[in-house]
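Student: Coordinates only, no sequence provided:
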């Protein structure tokens, strides 16, 4: 049982005990109803207090039970709330710290509510593509007023209890406790004081009206449509709250349930729930137990003050961790610090950062021109030029100066971490930390596990990444790791599509309509086309059989490297990000097509999307099979957090699961018939073929 029952004088206290947030799992729900029965059977008990142990009243549904039969087993949350409402003795909810989702719906089912200050109150279901499903859309507008309730339900964001208590006419909180510490005592006193009050007040009986209902809900719908165009749930929140103002309570409840159930099966909600679980799963490494001891990281050194080094440093400064930055020349240091200052100053200007916070962060940053000054750092991250000879020099120096037990990390995006580790006498301390540009903004961090990387190093890096607010995904060592290895196949397909009849703008538009933040050619221009050029030159010697379209090389030979040169696949006006199609580039593509004797054909958006996305999926299946990624959901996190894959599709692997792996394989077999494509690549990876044949999914 995860709920405790105690009697204090004439008051029974039911305390939820299901850490960390008192999730309303089956055992907890049984504990509440059992407690109510005991209280009713005891004639000395006159009133009841319901509260939560530890750091929460209740955070809502128990995520450990998501999707399992236990989640719906009786008493379900609706039945528990009904039992509270039907209690013949008054029930007081004593809420503190966290009162969210089903936890708030539970409190709304009690007769009275007393709240501690600084309690975070929310109905966050919209963030999982759902609406509240246990009366939240019907009771909160009655308790709080229609407009504040709808704002909370549509945004899903938490609001502090003391702010809610100030809303004129609110009936959400009957009393505010003086402090979290005095809540238990004040709740007991309150429960004694109201023990004889009859009839017992019920939120469901409160009136629910809006003076200009139709106009207000139309306005709300327009607002929501603009902000959440790919997600059905926010619009449905408006429908449900509107029904609270127009229907009888029980009819409103039935309508809420109908919407909730329908949303459960939408691809968008499935994607959001998949991401919710995947983000939590990413931090778990199969052979590194959760209780692995961690190394103490109190200070960081960063090698290189360029764009990447500066961005990496900012992550740690933001988290209050001191950073020492090393460069070879003073002017490079000055330039790097100037950029960090400029970034912070623009945040101050926009009101995103307070002046004193900015000064405090800058005070944590120091610089040096000598490796010897790094000797006390607990961890060092190098962000130098992506060339093995350069890395070798850096790591030999680090091996010489760093103290024993310091973690040596490389921000390489493609190079072999095992080779980098071999430049030191301590390969167990070496790990890859691949930040994505701009490093102070992008959420993704690929953590590259070398053959000899120690388990405590991995555990430490995963913990540090949480501190600097990154979503860390572990990858094994291979060329390009998870993200860049897949993107190479995506880019190759983009090139073949140009050869066959597309323009860069047509391919980009199709992918952006699918939901990508930007198509492959705009992405190439942003990253720098010379980076891909260098990789293709390397491929030419390593894998001479690898087939590419020549168009990207021809573009680079013209010096069109992208936004940094003002010209790539598109033209760019200084100070603007707009991609303007260029007639010369189109002619270059057409001339190349003619030289190959290809007659262009009309290519549908559907074919463009399938070839690019399924190229990601097939390469990802090889990555899973080789053990480079430990689970499909990790690959989804890489693409959602680092490559602009649409959130509402849940990542490439989740998307393939939704389409059906059988259908994915059928399409790939069709692409293999195309003589201008790469038939060998389109042989489904053995894992993909096996799952499709067995009717299974990646996730």
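Tutor: Good, I have the coordinates. Since we're looking at a predicted model, the values are computed, not measured.
Student: Ramachandran angles for the residue lying closest to residue 380 once chain neighbours are set aside?
Tutor: Distance criterion CB to CB, 6 or more residues apart in numbering; nearest residue to residue 380, sequence neighbours excluded, is residue 301 at 4.1 Å. Placement of C-beta: from N, CA and C, glycine included. With angles defined as degrees, to the nearest 10, residue 301 sits at phi -120, psi 140.
Student: what's the neighbour count on residue 301?
Tutor: The number of residues packed near residue 301 is 28, by other CB atoms under 10 Å.
Student: Same check on residue 664?
Tutor: Residue 664 has 22 nearby residues by other CB under 10 Å.
Student: Quick check: it vs residue 643, distance?
Tutor: To residue 643, residue 664 is 19 Å away according to CB to CB, to the nearest Å.
Student: likewise residue 659?
Tutor: Here residue 659 is placed at a distance of 19 Å from residue 643 (CB to CB).
Student: and if you look at residue 443?
Tutor: 11 Å.
Student: if you count what's nearby, which of the two comes out ahead?
Tutor: residue 643 (22 against 14).
Student: Excluding residues flanking it in the chain, which one is nearest residue 120?
Tutor: Closest to residue 120 by CB to CB, 6+ apart is residue 158, at 3.9 Å.
Student: Let me see the confidence value for the one you found.
Tutor: On the pLDDT scale, residue 158 is placed at 97.
Student: Please apply the same query to residue 230.
Tutor: So residue 230 comes in at 88 (pLDDT).
Student: How is this protein partitioned into domains?
Tutor: Domains of the chain are assigned by automatic domain parsing as 3-264, 300-475, 483-693.
Student: I'd like the distance from the shortest one to the chain centre, please.
Tutor: Shown here is domain 300-475, whose average C-alpha point lies 22 Å from the average C-alpha point of the whole chain (CA atoms, centre = their mean, to the nearest Å).
Student: Start at 864, not 1
Tutor: From this message on, residue numbering opens at 864, which makes the last subject domain 1163-1338.
Student: can you list the weak-confidence ranges in the protein?
Tutor: Along the chain, no part satisfies pLDDT under 70.
Student: The residue nearest to residue 983: what's it in contact with?
Tutor: By CB atoms under 8 Å, 6 or more residues apart in numbering, the contact list for residue 1021 reads 963, 983, 984, 985, 987.
Student: need the strands for the stretch 964-1113 of the chain, in chain order.
Tutor: Residue ranges of the strands in the stretch 964-1113 of the chain, as given by DSSP state E, counting those that start in this stretch, are 975-978, 983-985, 1022-1023, 1038-1039.
Student: and if you look at the stretch 1364-1513 of the chain?
Tutor: With strands called from DSSP E, counting those that start in this stretch, the stretch 1364-1513 of the chain shows them at 1433-1434, 1443-1444.
Student: Please enumerate the helices of the stretch 964-1113 of the chain.
Tutor: Taking DSSP state H, counting those that start in this stretch as the test, the helices found in the stretch 964-1113 of the chain are 965-972, 999-1007, 1009-1018, 1024-1028, 1046-1056, 1076-1090, 1096-1109, 1112-1127.
Student: residues making contact with the shortest one?
Tutor: This points to helix 1024-1028. By CB under 8 Å, 6+ apart, helix 1024-1028 touches 958, 962, 978-984, 1007, 1011, 1033, 1035-1036, 1039.
Student: what's the most distant pair in these?
Tutor: The span of the contacts of helix 1024-1028, defined through CB to CB, is set by 979 and 1011 at 19.9 Å.
Student: Which one's more surrounded, these two?
Tutor: Taking other CB under 10 Å, residue 979 and residue 1011 do not tie; residue 979 has more neighbours (25 against 18).
Student: Next, the contact list for the more buried one, please.
Tutor: 957, 958, 959, 960, 1024, 1039, 1040, 1042, 1043, 1046.
Student: Most neighbours among these, which one is it?
Tutor: Among these, residue 958 has the most neighbours (other CB under 10 Å), with 30 neighbours.
Student: who touches the closest residue to that residue other than its chain neighbours in this structure?
Tutor: Of all residues not flanking residue 958 in the chain, residue 920 sits nearest, at 4.2 Å (CB to CB, 6+ apart). Applying CB under 8 Å, 6+ apart, we find residue 920 in contact with 879, 885, 914, 956-962, 966, 970, 982.
Student: next one: residue 1146
Tutor: Counting by CB under 8 Å, 6+ apart, residue 1146 has contacts 1325, 1329, 1335.
Student: Return the distance of the nearest residue in space to the second one that is not next to it in sequence relative to residue 1001.
Tutor: Sequence neighbours aside, residue 1146 is the residue nearest to residue 1329 in space, at 7.1 Å (criterion: CB to CB, 6+ apart). Taken as CB to CB, the spacing of residue 1146 relative to residue 1001 amounts to 37 Å.
Student: and what of residue 1335?
Tutor: Residue 1335 is 40 Å from residue 1001, by CB to CB.
Student: what's the answer for residue 1339, then?
Tutor: 50 Å.
Student: Between those two, which has more neighbouring residues?
Tutor: Set side by side, residue 1339 and residue 1001 show more neighbours around residue 1001, with 29 against 17, by other CB under 10 Å.
Student: I'd say the more buried one and residue 1112 touch.
Tutor: Yes: assessed by CB atoms under 8 Å, residue 1001 is found in contact with residue 1112 at 6.3 Å.
Student: overlap in contacts of the two?
Tutor: In contact with both residue 1001 and residue 1112: residue 1067, using CB under 8 Å, 6+ apart.
Student: OK, contacts around residue 1410?
Tutor: So residue 1410 contacts 1355, 1541 (CB under 8 Å, 6+ apart).
Student: How about residue 938?
Tutor: If you count contacts by CB under 8 Å, 6+ apart, residue 938 has them with 892, 893, 896, 946.
Student: so of the contacts of residue 920, which ones are in helices?
Tutor: Counting by DSSP state H, the part of those found in helices is 966, 970.
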